[in-house]
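K.L.:
I would like to see how this sequence folds:
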Amino acid sequence: MIATMKTLSILLAIALGCVLLVLFAGLIAMARGGEFNRKYGNKLMRARVAVQGVAIVLFLLFVFVASTGE
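P.N.:
Now for the predicted structure:
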């Protein structure tokens, strides 16, 4: 179980880091405006929502595994 918890915590940290990267990329694109924002702004925010969903699932899985273990 310890290995599972360690793996889940690493995956959760990676997912949260990805959320931050995509969020900041989207915010910078919106702040700068222009062609890049028109082309990628909406796609970046959709990607953020998708990565947040993955992070939430990993978090719930982490809590479930932690609560069932000894």
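K.L.:
any idea how far residue 60 lies from residue 48?
P.N.:
19 Å (C-beta to C-beta, to the nearest Å). In short, each C-beta sits where N, CA and C put it, glycine included.
K.L.:
cool, and residue 9?
P.N.:
For residue 9, the distance to residue 48 - C-beta to C-beta - is 22 Å.
K.L.:
give me the more crowded residue out of these two.
P.N.:
residue 48 (20 against 13; other C-beta atoms under 10 Å).
K.L.:
what about that one, helix or strand, and which?
P.N.:
Using DSSP states H and E, residue 48 falls within helix 34-68.
K.L.:
how about that helix: buried residues?
P.N.:
Across helix 34-68, burial judged by 16 or more other C-beta atoms under 10 Å covers 37, 41, 44-45, 47-48, 51-52, 54-55, 58, 62.
K.L.:
for those residues, which two are the farthest from each other?
P.N.:
Spatially, the most separated pair among the buried residues of helix 34-68 is 37 and 62, at 34.8 Å (C-beta to C-beta).
K.L.:
okay, now the unreliable bits of this protein?
P.N.:
Residue ranges of the chain with pLDDT under 70: 70.
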